[in-house]
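>>> the sequence and its predicted three-dimensional model are supplied below.
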Amino acid sequence: MCTPLALYTLTVYTVHLGCVLAAMRIGGWPLQNALVASSANVGGPATASSLAASRGWHSLVSPAIVVGTLGNCMATFLGIALYRLMLAIA
């Protein structure tokens with residue numbers, strides 16, 4: 001029997017995978033770009049650049065670092081804003 005946290009995690013990653021595959025198909029992007037973008041989204045710049053380097057996609061290492069870092073920066077400020085909004089509501 002799965003715990004609620006495991007079901008939530010499975011749901012989040014399933015939706016993420018669906019969105020990445022849909023964006024790949026609509027945008028006409030290669031699979032490598034979609035995989036590195038997904039890794040940058042989920043794991044940040046370290047895992048995305050490691051994935052790109054280990055698979056031999058050296059042209060995607062720098063974009064993986066940039067996209068992963070920008071994602072971390074944006075998520076930090078969005079998290080702080082959400083925290084302040086929740087404090088204002090409560």
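Good, I have the coordinates.
>>> now for whichever helix in the chain runs longest, which elements pack on it?
Assignment by DSSP state H gives helix 61-89 as the longest helix of the chain. On a contact count with 3 or more CB pairs under 8 Å, 6 or more residues apart in numbering; DSSP states H and E, helix 61-89 meets helix 31-43, helix 45-54. All C-beta spots, glycine's among them, are computed from the backbone N, C-alpha and C.
>>> which of the residues in it are buried?
Under the neighbour-count criterion of 16 or more other CB atoms under 10 Å, helix 61-89 has Val61, Pro63, Ala64, Ile65, Val67, Gly68, Gly71 buried.
>>> need the helices and strands packed on helix 61-89 in TSV with distance to Val12 and mean neighbour count, can you?
Converted to TSV, these look like this (distance: least, CB to CB, whole Å; neighbours: other CB atoms under 10 Å):
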stretch	distance to Val12	mean neighbour count
helix 31-43	9	18
helix 45-54	17	18
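>>> make JSON lines out of those helices and add mean pLDDT.
Putting the helices and strands packed on helix 61-89 into JSON lines (pLDDT from 0 to 100) gives the following:
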{"stretch": "helix 31-43", "mean pLDDT": "93"}
{"stretch": "helix 45-54", "mean pLDDT": "96"}
